[in-house]
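Peer 1: Sequence unavailable; structure follows:
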């Protein structure tokens, strides 16, 4: 990819990014992860991969404003239109579109091409380990969701089988389970290296928030007349 082409796509990406948990630095980390993964694969089309990485989250604003929308679907259409309007071939624009459309973790529409699978893995690596914890907490704060939920009897819920949105619920629903959901060997290796830091953080946080509830309720009962 020529530098002029890269700058064109990069500038469009920057104009679309407003979500603090999915900001332009997230885009660059995904791109750099993807390039690292791609070195271990054969016959990668870097023109498609780089464009798809740069544009994969440009639909976030629309989803944030209307949660019923899927940012992967919206972003794929926006990317296609942008590329066509700037003179890129339809086949190229379509391949970039499909990469973006299938990068989301919570979709049945699975990535098919090598470039789509690399993007998928690179994006998921940015939810793994310490960086994944940090980004999830930033996002939960931005949408005013809590760290955890409490049961009717006053116990802090682990997030397991919890329907109320919270950091613990997101950890159990997504973060804890993503380490086996990679397509490339390189991404799997990187994810495994990061996994323990996420496990340790969750366990420590759960212990620190649940212990006061367990001890404090009994003490409060003693102090109430």
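Peer 2: Thanks, I have it. Since this is a predicted model, take the numbers as computed values, not measurements. Numbers count the residues shown, from 1 in each chain.
Peer 1: For stretch 115-131, list every residue counted as buried.
Peer 2: Buried residues in stretch 115-131, counted by 16 or more other C-beta atoms under 10 Å: 115-129, 131. Yep, even glycine has a C-beta here, placed from its N, CA and C like the rest.
Peer 1: now stretch 198-217
Peer 2: For stretch 198-217, burial by neighbour count (16+ other C-beta under 10 Å) applies to 198, 201-202, 205-206, 210.
Peer 1: any residues touching the lowest-mean-pLDDT helix or strand in the chain, and which ones?
Peer 2: Every helix and strand of the chain was ranked by mean pLDDT, DSSP states H and E. The lowest is helix 60-65, at a mean of 84. Outside helix 60-65, the residues that touch it by C-beta atoms under 8 Å, 6 or more residues apart in numbering are 16-19, 22, 69-71, 74-75.
Peer 1: any idea which of the buried residues of stretch 198-217 is closest to residue 26?
Peer 2: Proximity of the buried residues of stretch 198-217 to residue 26 (C-beta to C-beta) peaks at residue 198, which lies at 17.0 Å.
Peer 1: show me what contacts the closest one?
Peer 2: Applying C-beta under 8 Å, 6+ apart to residue 198 gives the contacts 128-130, 132-133, 171, 175-176.
Peer 1: Please flag which of the residues you listed sit within helices.
Peer 2: 129-130, 132-133, 171 (DSSP state H).
Peer 1: From the residues you listed, pick the one nearest residue 221.
Peer 2: So of the ones in helices among the contacts of residue 198, ranked by how close each gets to residue 221 (C-beta to C-beta), first place is residue 171, at 30.8 Å.
Peer 1: picking that back up, in CSV: the contacts of residue 198, plus distance to residue 60.
Peer 2: Shown next, in CSV, are the contacts of residue 198 (distance: C-beta to C-beta, whole Å):
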residue, distance to residue 60
128, 19
129, 22
130, 22
132, 17
133, 20
171, 21
175, 19
176, 23
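Peer 1: buried sites along stretch 130-150?
Peer 2: Residues 131-133, 135-137, 139-140, 145, 147-149 are the ones in stretch 130-150 that count as buried (16+ other C-beta under 10 Å).
Peer 1: go on, stretch 65-77?
Peer 2: For stretch 65-77, by 16+ other C-beta under 10 Å, it's 69-77.
Peer 1: can you pull out the helices in this structure?
Peer 2: Along the chain, the segments classed as helices by DSSP H run 3-16, 24-38, 46-55, 60-65, 71-85, 90-101, 114-125, 129-142, 167-173, 185-223.
Peer 1: what's the closest of those to residue 157?
Peer 2: Residue 157 sits nearest to helix 167-173 of all the helices of the chain, at 6.6 Å, using C-beta to C-beta.
Peer 1: got a list of contacts for the closest one?
Peer 2: 136-137, 140, 145-149, 157-163, 198, 202, 206.
Peer 1: One more pass at 7 Å, please.
Peer 2: Among residues not part of helix 167-173, those counted as contacts by C-beta atoms under 7 Å, 6 or more residues apart in numbering are 136-137, 140, 147-148, 157-160, 162, 202, 206.
Peer 1: and if you look at stretch 85-99?
Peer 2: The contact list for stretch 85-99 (C-beta under 7 Å, 6+ apart) reads 8, 48, 51-52, 55, 76, 79-80, 83-84, 113, 115-116, 119.
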